[in-house]
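Visitor: Have a look at this fold, sequence not included:
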């Protein structure tokens, strides 16, 4: 079988692909078995050997090919392909190299092009980069040479078909029990929040879980660049941005979608990832009666969040003073995640508070994983109490807190 397996890596799969393309037949399991059986010497393998060969060829011609077993692993969150024989996975505790191979560079290029084509996009020398969502929800980013100097490169973010319950995140160690009580209270009080952290820190996972805590009678409207958030909630509608076509027309931006979402009677407006001028419209929306909104934002630390929003606001023509005024009224809480060798952790829960003579907003810790309640614990307790939400035990303990002026309910 060594010779046959090596042949499958190139010649058999290529000949079957060509035969199906000429006949116009789809690469179904039945047509692949029939095509493989017509290959010289395949009938001698017996039923078991034939089915094994046909299964490998079918994986090469449809779906995600040799990567399919990795993507089917429920523990895998990311699959990174740096070359035909350089495949890595992340199962929540850092990247690990796998023995999986994807033929040669041409095989990898064909795989990338086929996957991108399933999303209606093109990947070739004229358009060497693509960021798409596959039919099963997996997010794929692909880059071809010469842009990818050693490529092609594939980066796949695995879609989890069933969202985590908050209890599961606690059991996994991502969320500490006191923080879980705080998250539940934040959702119940309809406080607006941002989930922040670096790439792969678990922002979308935590946001999806928290949206599952929203009362069933409320309508959630999601605005995303690529549809990834699928909370366990009975009333969710999603809007997804669209790239321009080859003529450069037809693009629908996140900013466009935020405006459309406001006409859809949202109880909770959620922007999957704030990365551009849409942050201006989100802050405006949260200042016009749309409480309990949420979003994700890339940030190295909670203290960096106001500066990140400043930069995005400037892109939308919002001055620094205007941005901070909008921010102080629109958003209350920052939930910061950190990726560690032990896994992804909810590291801090901060309150956004205007401080100093210029009333610039800063992120003040209310709870930290390593130290417990922080200086803004009183401010968070007041926000919850103003909205008639029962205070979690972690907020009722006597601790030194930041002295702040009273704030009335919004």
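Guide: Cool, the structure landed. Quick caveat, the model's predicted, so the values are computed rather than measured. Numbering: from 1, shown residues only.
Visitor: the helices in the stretch 151-300 of the chain, which residues?
Guide: Remark: helices assigned in the stretch 151-300 of the chain by DSSP state H, counting those that start in this stretch are 166-171, 177-188, 203-211, 254-261, 278-286.
Visitor: just so I know, which of those helices lies nearest residue 97?
Guide: With C-beta to C-beta as the measure, helix 203-211 is the member of the helices of the stretch 151-300 of the chain nearest residue 97 (23.9 Å). Just so you know, the C-beta spots here come from the backbone N, C-alpha and C atoms, and that holds for glycine as well.
Visitor: chain center to the closest one, what's the gap?
Guide: 9 Å (C-alpha atoms, centre = their mean, to the nearest Å).
Visitor: ok, residues contacting that helix?
Guide: Contact with helix 203-211 is made by 160, 163-166, 169, 174-175, 183, 186-187, 193, 195-197, 220, 228-231, 233, 236, 268, 270, 272-273, 294-297, 335, 337, 344, 346, as judged by C-beta atoms under 8 Å, 6 or more residues apart in numbering.
Visitor: now the angle from that helix to helix 177-188?
Guide: 70 degrees (axes from the mean of the first three to the mean of the last three C-alpha atoms, to 10 degrees).
Visitor: For helix 203-211, give the mean pLDDT please.
Guide: Per-region confidence: helix 203-211 scores 93 on mean pLDDT.
Visitor: same thing with stretch 264-284?
Guide: Throughout stretch 264-284, pLDDT has a mean value of 85.
Visitor: Any idea how far apart the tips of it sit?
Guide: Terminal residues of stretch 264-284 lie 16 Å apart, using C-alpha to C-alpha, to the nearest Å.
Visitor: and it, which residues are buried?
Guide: Within stretch 264-284, the residues scored as buried using 16 or more other C-beta atoms under 10 Å are 266-275, 277-284.
Visitor: circling back to that earlier point, any of the contacts of helix 203-211 buried? List them.
Guide: Neighbour-count burial (16+ other C-beta under 10 Å) applied to those gives 163-164, 166, 169, 174-175, 183, 186-187, 193, 195-197, 220, 228-231, 233, 236, 268, 270, 272-273, 294-297, 335, 337, 344, 346.
Visitor: for the spatially closest residue to residue 295 that is not a sequence neighbour, which residues make a bridge with it?
Guide: Excluding the flanking residues, the one nearest residue 295 by C-beta to C-beta, 6 or more residues apart in numbering is residue 271, at 4.0 Å. Note on residue 271: beta-bridge partners by DSSP bridges are residue 223, residue 295.
Visitor: doesn't residue 297 make contact with residue 271?
Guide: No: with contact defined as C-beta atoms under 8 Å, residue 271 does not reach residue 297; the gap is 9.2 Å.
Visitor: quick one: low-confidence ranges for the stretch 201-350 of the chain?
Guide: Of all residues in the stretch 201-350 of the chain, those with pLDDT under 70 make up the ranges 245-247.
Visitor: again, 80 this time
Guide: For the stretch 201-350 of the chain, the stretches with pLDDT under 80 are 226-227, 243-249, 275-276, 288-289, 341-342.
Visitor: for it, what spans make up the strands?
Guide: Here the stretch 201-350 of the chain has its strands, by DSSP state E, counting those that start in this stretch, at 220-224, 236-240, 268-271, 294-298, 333-340, 343-355.
Visitor: now the shortest one, how far from the centre of its chain.
Guide: Computed by C-alpha atoms, centre = their mean, the chain-centroid distance of strand 268-271 equals 15 Å.
Visitor: For that strand, name the packing helices and strands.
Guide: Judged by 3 or more C-beta pairs under 8 Å, 6 or more residues apart in numbering; DSSP states H and E, the packing partners of strand 268-271 are helix 203-211, strand 220-224, helix 254-261, helix 278-286, strand 294-298.
Visitor: what's the angle between the second one and strand 294-298?
Guide: Note on geometry: by the same axes, to 10 degrees, strand 220-224 and strand 294-298 are set 20 degrees apart in direction.
Visitor: what residues does strand 220-224 touch?
Guide: Applying C-beta under 8 Å, 6+ apart, the contact partners of strand 220-224 are 211, 214, 229, 231, 233, 235-241, 254, 257-258, 261, 264, 266-273, 278.
Visitor: Give me the distance from it to the chain's centre.
Guide: 13 Å.
Visitor: Bridge partners for residue 129, pull those for me.
Guide: Residues in a beta bridge with residue 129, per DSSP bridges, are residue 143.
Visitor: Same check on residue 373?
Guide: residue 367.
Visitor: what about it, how many residues close to it?
Guide: Residue neighbour count, defined by other C-beta atoms under 10 Å, stands at 24 for residue 373.
Visitor: do the same with the one 4 residues further on
Guide: Neighbour count for residue 377, taken as other C-beta under 10 Å: 25.
Visitor: can I assume it is in contact with residue 364?
Guide: No: look at residue 377 against residue 364 with C-beta under 8 Å: they stay out of range, at 9.5 Å.
Visitor: Residue 111 - nearest residue in space that isn't next to it in sequence?
Guide: What sits nearest to residue 111 in space, not counting adjacent residues and going by C-beta to C-beta, 6+ apart, is residue 65, at 5.1 Å.
Visitor: what does residue 93 give?
Guide: Using C-beta to C-beta, 6+ apart and skipping the chain neighbours, the partner closest in space to residue 93 is residue 343 (5.5 Å).
Visitor: Report the contact partners of the one you found.
Guide: For residue 343, the contact set (C-beta under 8 Å, 6+ apart) comprises 92, 93, 172, 173, 174.
Visitor: Leaving out chain neighbours, which residue sits closest to residue 188?
Guide: With sequence-adjacent residues excluded and distances taken as C-beta to C-beta, 6+ apart, residue 188 is closest to residue 389, at 5.1 Å.
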